[in-house]
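Trainee: Generate coordinates for the sequence data below:
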Amino acid sequence: MTQVVTTVAELRAALALLKPARIGMVPTMGALHDGHVSLVTEAKKHADHVVVSIFVNPTQFAPGEDFDAYPRTLDADLKKLGNAAAIVFTPNAREMYPEGFATTVTVRGPSTGLESDFRPHFFAGVATVVAKLLIAALPDIAVFGEKDYQQLLVVKRLVRDLDLSIQIIGAPTLREADGLALSSRNAYLGPDERRIAASLNLILKDAIAAARSNGSLRAAEAAAIEALWKAGFSHVDYVAIRDAENLDHITALERPARILAAAKVGKTRLIDNMAI
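Mentor: Next comes the predicted model:
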């Protein structure tokens, strides 16, 4: 039966009863969907027990972003998980950031550019809360989705640089039947916006084909940006083809690469990426 805990002390006490079993962790912000469940399923392949954290992290939202509106559905989340998780950790902001909290974790390297160009606060918030969650639980493995690909690389760099003995595993993006990547923010989309959103993955596939056929990565990016505007997206932040290992700029497909995009449908910001 799943145990729900709300403090770091309770989490560590619950984990102590499970040791020396192998522990996996899946950090989330809640509003769980099948994509999150697939991360838990992946974690169970590598661990005896899984901890799922549910915490809407205020430090990764800038003023004017959707922190207050972000869906908080704990009862539904617990039902969605069923008995897949041994422990669900649901701290509040005061538990994670007590009075006087004065520490920020900054990861350079893969955090440079892309999301950071448009949300400069984001990865410091992510790195800080992920570091706190991993240190609180000290799992053997932790699973993060490839949908947030830049975030995945930032977490891998964080764990490597801080010498945390935790294996970070990237799990494939789960998609709807029309290819739209599963996201908690999809719930914001109206019917017309939802139809527009479905074109994002198709446009990225076209860009991949163009990059492979004519070799001009910048031309493929530019064509994808134009296609997103024509499809009805209200704003396009970026479409970029980068080195898959470190997100460095590249000029040719000479090693594994990734195409990444961020664009808005109405007020809803969507991200996606694919291997090339």
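Trainee: What's the mean pLDDT across the host helix or strand of R212?
Mentor: Using DSSP states H and E, R212 sits in helix 199-214. Helix 199-214 comes out with an average pLDDT of 97.
Trainee: List the buried residues for that helix?
Mentor: By 16 or more other C-beta atoms under 10 Å, the buried positions in helix 199-214 come out as 199-201, 203-204, 207-208, 210-211. For the C-beta atoms, the positions are set from N, CA and C on the backbone; glycine is no exception.
Trainee: For that helix, give me every contacting residue.
Mentor: 175, 178-181, 216-217, 219-221, 223-224, 227-228, 231-233, 239, 241, 253, 259, 261, 263, 270, 272-274, 276 (C-beta atoms under 8 Å, 6 or more residues apart in numbering).
Trainee: just the strands in the stretch 101-250 of the chain please.
Mentor: 141-145, 167-171, 235-243 (DSSP state E, counting those that start in this stretch).
Trainee: most packed of those?
Mentor: Across the strands of the stretch 101-250 of the chain, the average number of neighbours (mean count of other C-beta atoms under 10 Å) peaks for strand 141-145, which reaches a mean of 24.
Trainee: Rounded mean pLDDT for stretch 21-39, please.
Mentor: On average, the pLDDT along stretch 21-39 is 97.
Trainee: K267 reaches Y188, doesn't it?
Mentor: Yes. Judged on C-beta atoms under 8 Å, K267 makes contact with Y188 at a distance of 7.3 Å.
Trainee: thinking again about what came up before, need the strands of the stretch 101-250 of the chain in TSV (columns: mean pLDDT and distance to V5).
Mentor: Listed next are the strands of the stretch 101-250 of the chain as TSV, based on pLDDT from 0 to 100; distance: least, C-beta to C-beta, whole Å:
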stretch	mean pLDDT	distance to V5
strand 141-145	98	17
strand 167-171	98	23
strand 235-243	98	37
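Trainee: can you put these in TSV and add distance to T104?
Mentor: Putting the strands of the stretch 101-250 of the chain into TSV (distance: least, C-beta to C-beta, whole Å) gives the following:
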stretch	distance to T104
strand 141-145	20
strand 167-171	21
strand 235-243	24
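Trainee: what's around L138, how many residues?
Mentor: By the measure other C-beta atoms under 10 Å, the count of residues near L138 is 14.
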